[in-house]
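>>> Whatever this is, show me its structure:
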Amino acid sequence: MLNDIIKYTGIFVLIILIQVLIMDNIGFSGYVNPYVYILFILLLPIKSPAWLVLFLSFFTGLTVDLFEATPGLHTSASLFAGFLRPYILRIIAPHDGYEKTDIPGIAANGFRWFLVYVALMVGLHHFFLFYMEVFRLSHFFITLARVVVSSFFSILFIVILQTLFIRR
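So this is what the prediction gives:
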């Protein structure tokens with residue numbers, strides 16, 4: 001139990017540092033904003049209690065909000081992703097189900113499963129985040145383009161981080 005707390009604390013700190021120091025400095029005309037901090041929520045054990053996922057989602061979003069000076073924007077998007085996570089996991093569950101100790105990842109579930117999981121979660125997270133940021137439908141297609149392009153780059157960086165830093 002203590003080892004898991006230490007491991008997830010290290011993962012949290014590493015992902016937040018990558019987001020704040022590297023990813024926040026990537027931007028092309030305001031269209032590409034990769035947000036990889038959602039990887040922390042994605043890597044939580046599958047059988048984690050819903051209250052814990054929501055709490056950690058809240059804390060993750062709040063931490064990013066503090067660094068980016070966006071009061072509540074990332075917190076609400078992270079909570080949205082944390083809320084949808086069990087439903088997405090249920091939709092893409094393998095026929096034999098998950099093991100109690102399963103941790104979502106390429107090593108445990110395969111590349112295709114992980115890519116679908118990440119694409120769904122990141123797409124929904126980014127859709128919520130960018131439309132809450134704009135908070136109007138007058139620029140619907142411009143915002144949709146930002147969602148698609150930023151989701152693509154976020155997914156790409158998340159898959160790269162997963163393959164580089166997570167042991168098999």
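
>>> Check residue 94 and give its pLDDT.
On pLDDT, residue 94 comes in at 82.

>>> Would you check that it makes contact with residue 116?
No. If you go by C-beta atoms under 8 Å, residue 94 and residue 116 don't touch, sitting 11.6 Å apart. Every C-beta, even on glycine, is put in place using the N, C-alpha and C of the backbone.

>>> Of the two, which one has the most company?
The neighbour comparison of residue 94 against residue 116 (other C-beta atoms under 10 Å) goes to residue 116, with 15 against 10.

>>> Which element is encountered next along the chain beyond the helix or strand containing residue 74?
Assessed by DSSP states H and E, residue 74 sits inside helix 73-91. For helix 73-91, the succeeding helix or strand toward the C-terminus, using DSSP H and E, is helix 106-109.

>>> average pLDDT for that next one?
Mean pLDDT, computed over helix 106-109, is 85.

>>> With stretch 15-35 instead?
Averaged over stretch 15-35, pLDDT sits at 85.

>>> Quote the end-to-end distance of it.
With C-alpha to C-alpha, to the nearest Å as the measure, stretch 15-35 spans 10 Å from end to end.

>>> tally of neighbours for residue 24?
Using other C-beta under 10 Å, residue 24 has 16 neighbouring residues.

>>> For it, give me its contacts.
Taking C-beta atoms under 8 Å, 6 or more residues apart in numbering, we find residue 24 in contact with 67-68.

>>> How about the helix or strand that residue 5 is a member of, which residues are buried there?
Following DSSP H and E, one finds residue 5 within helix 2-21. Across helix 2-21, burial judged by 16 or more other C-beta atoms under 10 Å covers 11-12, 15-16, 18-20.

>>> Mind giving me the packing neighbours of the helix-or-strand element of the chain with minimal mean pLDDT?
Across the helices and strands of the chain, mean pLDDT, DSSP states H and E gives its lowest value to helix 106-109, namely a mean of 85. Using 3 or more C-beta pairs under 8 Å, 6 or more residues apart in numbering; DSSP states H and E, the elements in contact with helix 106-109 are helix 140-165.

>>> And the spatially most central residue of the chain, how far from residue 3?
Nearest to the geometric centre of the chain sits residue 38, at 2.0 Å (C-alpha atoms, centre = their mean). Distance of residue 38 to residue 3, given as C-beta to C-beta, to the nearest Å: 24 Å.

>>> and if you look at residue 107?
The gap separating residue 107 from residue 3 is 18 Å, by C-beta to C-beta.

>>> and if you look at residue 164?
Applying C-beta to C-beta, the value for residue 164 to residue 3 is 22 Å.
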